[in-house]
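Asks: test case, fold it:
(2 chains)
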Amino acid sequence: MKRLRVDRWTGQLLLARPGACPASTPRTALRPAAASRCAAVRTRSTRAMPEIPTDEDYADGTDHTRFPPLEKLPPRATSLPSPPPERALQSAKLAALHARLSLPEKLPLQTLARALVDNSADENPLFNNTNLAFVGQSLIHYHVAEWLMCRYPRLPMEILYAAMKGYAGPAALHHVARSWGLEHAAAPGGEVDPGLLQFSLHKPGNAIVTLGYKRAEAEGLQKYKWRHGISSRVVFDDDFGQVVETDKATQLRRADTEYGNEYTRSLAEKAYANCARAVVGAIYAHAGREPAKAFIRSHILSRTLDLSALFSFKKPTRELALLCAREDFEFPIARLLSETGRLSRTPVFVVGIFSGKDKLGEAAGPSLEVARNKAAMNALKSWYLYSPGEHVRVPSDMLAEDAQPWTPAYIDMGEIIGR
Amino acid sequence: MTIKALQAVSVGRNGVGAFVLQCKKMDFHYCDWAGSSRGMNGFIKSLLPKFAAAHPQVEFTVSPRPSKHPVIIAHYINGREKAVCVRNMEPYDILKKAELLRDASGEKLRRVTKPVQSVNESVRGIWSPYHGNGMRV
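Replies: Down below sits the predicted model:
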């Protein structure tokens, strides 16, 4: 192995300056004599070395002659919890994100930078995105809920909650924010690029960006799985019908224990979701109602969710019989439409469910029982997933100035079996 | 309770609703000394300012890479990156490579055999042997 020549290292490092030598210069001319190597290199540079700051703000033990700072940070930036707002104008990532989302011109980069600071990174509500995220989540939930209720007026409450969560829940908004090309900083601080999402995995942050009450029996619900009906969930719980979690102490202890555990992943997901909400809130604050609505429509409601895959029936035939009784249809009867290979290993039965002469549903299954149940499920799904049309109007359409007169939306009488 | 809800998360379809350009960052590396970078240096001087101004949604960085061939590295939203070596190329050829990287989705290149890929269910439905009049053999 070759011997390392330490005395050459400093000279090479000093040579690697931003403006390198022109190609016409012979290489031998650049190689200084061994005796005066270090001194000679500095005098021959065609460009001045980067200015070396001498302020005490940069006195962190770094040798700035060898490692010049990349960007001139404002004084004491490293001691701040999040980047100062004026640095937002210099961030290329932030400007690119602004253009990528086609955000309105009225939305300044400083606000967008603030939308990227989670409350776990900076607890000061003047500098984090809590306020914007709260506005954003109210708008998102409002628009998703009104669209679901007008588009699918017969959805049962449980399914409506699940659909709300599928479109506007933290997992969905996390995917939305990721699809914008957001990246997060390894750790928050005043010196990081303002175009990076900043959150801390070591403290969960205490800001509340959801509406709901703390239940007195929350512990029992979690521990003993007490039954809680849909009515109390409408009143007490958050917009997805989930019990509002308030006990963070046990989770907090878990956060630092292992790298990349379930809890830290949920913290990252929450931070991304809050950022997506905050961007919506920022659009609303700076550009107004219509751009915010258009943004929600194009980024959140345009996503695909198969609502028929959300249903899980326990006794579909009984529920269908109750439905027919309520709607004054004739009692549903299952009839075998066709079959093949009854005595074989793979029989197929096609069963239709009839109410009088009307066929309500039909399905194929490997046994008569399965086929009948599936047919009843199909009949119920076609009832529950009734839709007045793809381009149904929603109440917020009336807020536009030149709106047509409102035609009442279809309102269903309710679920078949009350809970 | 007769109906229970299963949990599902909506799936995004880029271009339905909003379109987000998948290339988020492009790095241009050059060398001042080497001859293979001559075209790249000309591209950076003459064509890159216009190209960068036309694409505000992409972050551009230009940095020297002494004693190496010039290269364009594009970073994509899905986390992948693509690098193209542009040694000895003319500036307009390099522009074509930059446009190629800009338009790429970031996915691995694979052969597309089906004309349409969709998450929507078929409007015609799936053919069933148990329905219709059947066929007399």
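
Asks: how about residue A:352, secondary structure?
Replies: The three-state assignment at residue A:352 reads strand, by DSSP: H, G, I helix; E, B strand; the rest coil.

Asks: who are the contact partners of it?
Replies: Counting by Cβ atoms under 8 Å, 6 or more residues apart in numbering or on different chains, residue A:352 touches A:334-335, A:337, A:359, A:361-362, A:375. Using the backbone N, CA and C atoms, a C-beta is placed for each residue, glycine as well.

Asks: again with residue A:304
Replies: Here residue A:304 is in contact with B:10-13, B:119-120 (criterion: Cβ under 8 Å, 6+ apart).

Asks: residue A:399 now?
Replies: For residue A:399, the contacting residues are residue A:289, by Cβ under 8 Å, 6+ apart.

Asks: tell me the buried residues in the worst-scoring helix or strand of chain B on mean pLDDT?
Replies: Here the helix or strand of chain B ranked lowest by mean pLDDT, DSSP states H and E is strand B:3-5, holding a mean of 91. In terms of neighbour count (16 or more other Cβ atoms under 10 Å in any protein chain shown), strand B:3-5 has its buried residues at B:3, B:5.

Asks: can you list contacts of that strand?
Replies: Strand B:3-5 is contacted by residues A:156, A:158-159, A:161-162, A:310-314, A:319 when judged by Cβ under 8 Å, 6+ apart.

Asks: where in chain B is pLDDT low?
Replies: B:1 (pLDDT under 70).

Asks: so which strand or helix has the closest residue to residue B:8 other than its chain neighbours?
Replies: Spatial nearest neighbour of residue B:8, chain neighbours left out: residue A:166 (5.1 Å); criterion: Cβ to Cβ, 6 or more residues apart in numbering or on different chains. In this structure, residue A:166 sits in helix A:157-168 according to DSSP states H and E.

Asks: can you show me the strands along chain B?
Replies: All strands of chain B, identified by DSSP state E, fall at B:3-5, B:23-30, B:59-64, B:71-76, B:81-85.

Asks: so which residue of chain B comes closest to chain A?
Replies: Across chain B, the shortest distance to chain A (Cβ to the nearest Cβ) belongs to residue B:17, at 2.6 Å.

Asks: that residue: neighbour count?
Replies: Residue B:17: 17 surrounding residues under other Cβ atoms under 10 Å in any protein chain shown.

Asks: unless I'm misreading it, it sits right up against residue A:301, doesn't it?
Replies: Yes: the criterion here is Cβ atoms under 8 Å, and residue B:17 meets it with residue A:301 at 7.4 Å.

Asks: OK, contacts around residue A:80?
Replies: Residue A:80 sits next to A:189-190 when contact means Cβ under 8 Å, 6+ apart.

Asks: ok so residue A:333 is a helix residue?
Replies: No: Residue A:333 sits outside any helix when classified using three-state DSSP, being strand.

Asks: what about it, distance to residue A:383?
Replies: In this view, residue A:333 and residue A:383 are 17 Å apart by Cβ to Cβ, to the nearest Å.

Asks: who's more crowded, those two?
Replies: residue A:383 (17 against 11).

Asks: any of the contacts of strand B:3-5 buried? List them.
Replies: Buried among the contacts of strand B:3-5 (16+ other Cβ under 10 Å): A:156, A:158-159, A:161-162, A:310-311, A:313, A:319.

Asks: need those residues in CSV with distance to residue B:4, can you?
Replies: Shown next, in CSV, are the buried ones among the contacts of strand B:3-5 (distance: Cβ to Cβ, whole Å):
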residue, distance to residue B:4
A:156, 10
A:158, 7
A:159, 9
A:161, 11
A:162, 9
A:310, 9
A:311, 8
A:313, 8
A:319, 12
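
Asks: stretch B:63-72 close to chain A?
Replies: Yes: if you take Cβ under 8 Å from any Cβ of the partner chain as the test, stretch B:63-72 does meet chain A, through B:64, B:66.

Asks: how far off centre is that stretch?
Replies: When distances are taken as Cα atoms, centre = their mean, to the nearest Å, stretch B:63-72 is centred 23 Å away from the chain's centroid.

Asks: can I get it in PDB? Just the C-alpha atoms.
Replies: Extracted as PDB, the C-alpha positions of stretch B:63-72 are listed here (Å, rounded to 0.1, in the frame of the first residue of the first chain):
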ATOM      1  CA  SER B  63     -22.200  22.300  -9.300                       C
ATOM      2  CA  PRO B  64     -18.700  21.400 -10.500                       C
ATOM      3  CA  ARG B  65     -17.500  17.900 -10.400                       C
ATOM      4  CA  PRO B  66     -13.800  18.300 -11.300                       C
ATOM      5  CA  SER B  67     -12.000  15.600 -13.400                       C
ATOM      6  CA  LYS B  68     -15.300  13.800 -14.100                       C
ATOM      7  CA  HIS B  69     -17.600  13.600 -17.100                       C
ATOM      8  CA  PRO B  70     -20.600  16.000 -17.000                       C
ATOM      9  CA  VAL B  71     -23.800  14.400 -15.800                       C
ATOM     10  CA  ILE B  72     -27.500  15.400 -15.300                       C
END
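
Asks: what does it rub up against?
Replies: A:16, A:18, A:20, B:26-34, B:36-37, B:39-40, B:83-87, B:94, B:97-98, B:101.

Asks: now stretch A:261-281: how far from the chain's centre is it?
Replies: Its chain's average C-alpha position is 6 Å from that of stretch A:261-281, according to Cα atoms, centre = their mean.

Asks: can you give me the buried ones in it?
Replies: For stretch A:261-281, burial by neighbour count (16+ other Cβ under 10 Å) applies to A:263-264, A:266-281.

Asks: now swap in stretch A:121-139 and tell me
Replies: Residues of stretch A:121-139 classed as buried by neighbour count (16+ other Cβ under 10 Å): A:121-123, A:127-139.

Asks: likewise for stretch A:288-303?
Replies: Applying 16+ other Cβ under 10 Å to stretch A:288-303 flags A:291-293, A:295-296, A:299-303 as buried.

Asks: ok, which of these also contact chain B?
Replies: Within those, those near chain B by Cβ under 8 Å from any Cβ are A:295, A:299, A:301-303.

Asks: measure how the longest helix along chain A sits relative to helix A:157-168, angle-wise.
Replies: Across chain A, the longest stretch assigned as helix under DSSP state H is helix A:262-287. Interaxial angle of helix A:262-287 relative to helix A:157-168 (axes from the mean of the first three to the mean of the last three Cα atoms, to 10 degrees): 80 degrees.

Asks: what segments of chain A are strands?
Replies: Along chain A, counting by DSSP E, strands occupy A:311-313, A:332-340, A:348-355, A:358-365.

Asks: could you dump the ones you listed to TSV with mean pLDDT?
Replies: As requested, the strands of chain A are exported to TSV (pLDDT from 0 to 100):
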stretch	mean pLDDT
strand A:311-313	95
strand A:332-340	94
strand A:348-355	96
strand A:358-365	95
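
Asks: quick one: closest of these to residue A:245.
Replies: Residue A:245 lies closest to strand A:311-313 among those, at 24.3 Å (Cβ to Cβ).

Asks: in its sheet, what does that closest one sit against?
Replies: In the sheet, strand A:311-313 lines up against strand B:3-5 (antiparallel) (DSSP bridges).

Asks: distance between the strand it pairs with and the chain's centre?
Replies: Computed by Cα atoms, centre = their mean, the chain-centroid distance of strand B:3-5 equals 40 Å.

Asks: got a pLDDT number for the residue in chain A that chain B sits nearest to?
Replies: Scanning chain A for proximity to chain B using Cβ to the nearest Cβ identifies residue A:302 as nearest, at 2.6 Å. Confidence at residue A:302, expressed as pLDDT, is 95.

Asks: now it: closest residue in space that isn't a chain neighbour?
Replies: residue B:17 (2.6 Å).

Asks: residues touching the one you found, list them.
Replies: Counted by Cβ under 8 Å, 6+ apart, residue B:17 has contacts A:297-299, A:301-303.

Asks: these two touch, right, residue A:347 and residue A:364?
Replies: No: checked against Cβ under 8 Å, the pair residue A:347 and residue A:364 is beyond contact range at 10.3 Å.

Asks: no further questions, thank you.
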